[in-house]
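Student: Sequence first, then the predicted structure, then my questions.
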Amino acid sequence: MALAFPFDPVQRSQEVEGLVMSGRKRRYYKFRAAPYYGGITTADAVGCSFLCACCRNYSRNENPSSCGRLYSPEEVARDLIGLARWHS
């Protein structure tokens, strides 16, 4: 049995990519450290292709261009490494 979506997931993915990417940069809304697994750092990206009603990020996923800012891969790595060092 095939899964039925109320939208075309490929089209939605392309639309979301257009909203959260600019060249090599991607939109993120938060960088954080957490105590899980002995300590982790996480970069929370904006823009999931699905719109799950139970998702805690529903509003960010519904309109992904309305929050966060664009970061290059180098900026993301720098921020994550900095957080990891600060929390170790």
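Tutor: Looks like it came in fine. Numbers count the residues shown, from 1 in each chain.
Student: Okay, strands next: where are they in the chain?
Tutor: Here the chain has its strands, by DSSP state E, at 21-22, 25-34, 40-45, 69-71.
Student: For D79, which of the ones you listed is the nearest?
Tutor: For D79, the closest of those is strand 25-34, at 4.9 Å, according to C-beta to C-beta. In short, each C-beta sits where N, CA and C put it, glycine included.
Student: Report the residue spans of the chain with pLDDT below the cut-off.
Tutor: Counting by pLDDT under 70, the chain contains low-confidence ranges at 1.
Student: what about the longest helix in it?
Tutor: helix 73-86 (DSSP state H).
Student: quick one: that one to strand 25-34, angle?
Tutor: Angle of helix 73-86 versus strand 25-34, following axes from the mean of the first three to the mean of the last three C-alpha atoms, to 10 degrees, is 10 degrees.
Student: So that it lines up with my notes, have the first residue be 4 from now on.
Tutor: Yes, from this point I'll number from 4; that puts the last item at helix 76-89.
Student: quick one, helix 76-89 and strand 43-48 angle?
Tutor: Using the same axes, to 10 degrees: helix 76-89 against strand 43-48 is 150 degrees.
Student: buried stuff in helix 76-89?
Tutor: Buried residues in helix 76-89, defined by neighbour count with 16 or more other C-beta atoms under 10 Å: E78, V79, L83, L86.
Student: that older thread, got TSV for the strands of the chain, with distance to C57 too?
Tutor: Listed next are the strands of the chain as TSV, based on distance: least, C-beta to C-beta, whole Å:
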stretch	distance to C57
strand 24-25	26
strand 28-37	19
strand 43-48	18
strand 72-74	27
